[in-house]
Each structure stands twice: as C-alpha cells, then as structure tokens.
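Undergrad: Sequence first, then the predicted structure:
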Amino acid sequence: MTKTLLAITLGLAMASGAAKAESVAMSAAWAQDMCAAWNADATLTDKLVESGWVKNDSGKGGKTMQIYRDDCPKSERIEMQIALKDNKAQCVYGGAARGTALNKGSDYLMWATTPHWRDMGAGELGPMRAMMLGRLNFEGPKMEAMGNMGPFGNFLLLVGKVPGDWAACPA
C-alpha cells in the first residue's frame, strides 16, 4: 500500500512538472505563470507603487502590458494587467490579450525576437541597452519607463525565470 501511494504521488508530481515544462514561452498559460512571478517580486510590487507608476492607469483601474515574440508571426499577444491592490502593484490578470485598445499614455506594448527575449531574461541584455540597440521594441510612456529602469529590469529577468518552451511558437 505504501509503495503504491508513493508511486502515485511521484507520478502526479512528475506529470505536474512535465505540464509546466510544456508551457510554450509567451503563451496564455505562460502569462499566468508570469503574473504569479510578478507578484512574488518585491521590486515590482513595491517600487512601482513608490514611483507612482501603477497609479498612471488613465482612470481604468490598472495598467496593461502586452508582449509577444516577433519571430512568431502567427502567435497572439499575451497580456498582463497590473493594478494597485493592498498597496502593491499586483498582477491581477495574465493570459491572452483581451483585445482592448492600449492607452499610449499608460499602457505598454513590447516585442522582441526569441533570442533577444532569452538574452534579456538571462540578464545579458538590460532594458536600456536592449531598447537603445533596437533589440526590444517598445510602445508606451517612454519617460515613465525610463524612470523605472530598475523594476523594468526585474520584469525582463522574470522572462528568464518563468519556465517555458522557447523552441515552439505559441499557438
């Protein structure tokens, strides 16, 4: 009985781990994991409140960040919505882009090729350098972003920390 229970437990754990590893990078499922990782990062949740970044939401009650892989042209964008919750800049949604128009005064759109996302996620290419070299394409409030390079760098590092399959394009 004990061996059977142990085998079932190990089997479930391995299946759960395999399912996570199969999440395609920048897919809707991956965006959910990105959202959870955001909420676990104190620099993002605290510093973006201190700087006032999270409060610039154009009266929508939150900021929208859409990202995608430029070399996956048939893939949909993913979206993270960040809102002030419990005095933290919390990710309240991570998944497929909802199709609402982005407000250029408060929302962000970012795209790069897979190798460039990987370089940024590994910390080999910081946000300022990535933008200056054209490796990270960006639309949104540029001055606001410039004032938040530390947290923005942490966001890019999450891209490398959240497990995902980078060999396949999101469906």
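TA: Looks like it arrived, so ask away.
Undergrad: need the strands for the protein, in chain order.
TA: Per DSSP state E, the chain carries strands over the ranges 63-69, 78-85, 88-96, 108-112, 137-139.
Undergrad: closest one to Ala171 among the ones you listed?
TA: Each of the strands of the chain has some distance to Ala171 by CB to CB; the shortest is strand 88-96, at 10.4 Å. C-beta coordinates here come from the backbone N, C-alpha and C atoms, glycine included.
Undergrad: As a markdown table, the strands of the chain with distance to Ala167 would be great.
TA: Below are the strands of the chain laid out as a markdown table (distance: least, CB to CB, whole Å):
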| stretch | distance to Ala167 |
| --- | --- |
| strand 63-69 | 12 |
| strand 78-85 | 18 |
| strand 88-96 | 21 |
| strand 108-112 | 17 |
| strand 137-139 | 22 |
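Undergrad: a markdown table for these, including mean neighbour count?
TA: Listed next are the strands of the chain as a markdown table, based on neighbours: other CB atoms under 10 Å:
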| stretch | mean neighbour count |
| --- | --- |
| strand 63-69 | 23 |
| strand 78-85 | 21 |
| strand 88-96 | 19 |
| strand 108-112 | 22 |
| strand 137-139 | 15 |
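Undergrad: right, so of those, which gets closest to Arg118?
TA: Ranking the strands of the chain by proximity to Arg118 (CB to CB) places strand 108-112 first, at 9.3 Å.
Undergrad: re the thing from before, indicate which one of the strands of the chain is closest to Cys35.
TA: With CB to CB as the measure, strand 88-96 is the member of the strands of the chain nearest Cys35 (2.8 Å).
Undergrad: where does the protein dip in pLDDT?
TA: By pLDDT under 70, the weakly predicted segments of the chain are 1-22.
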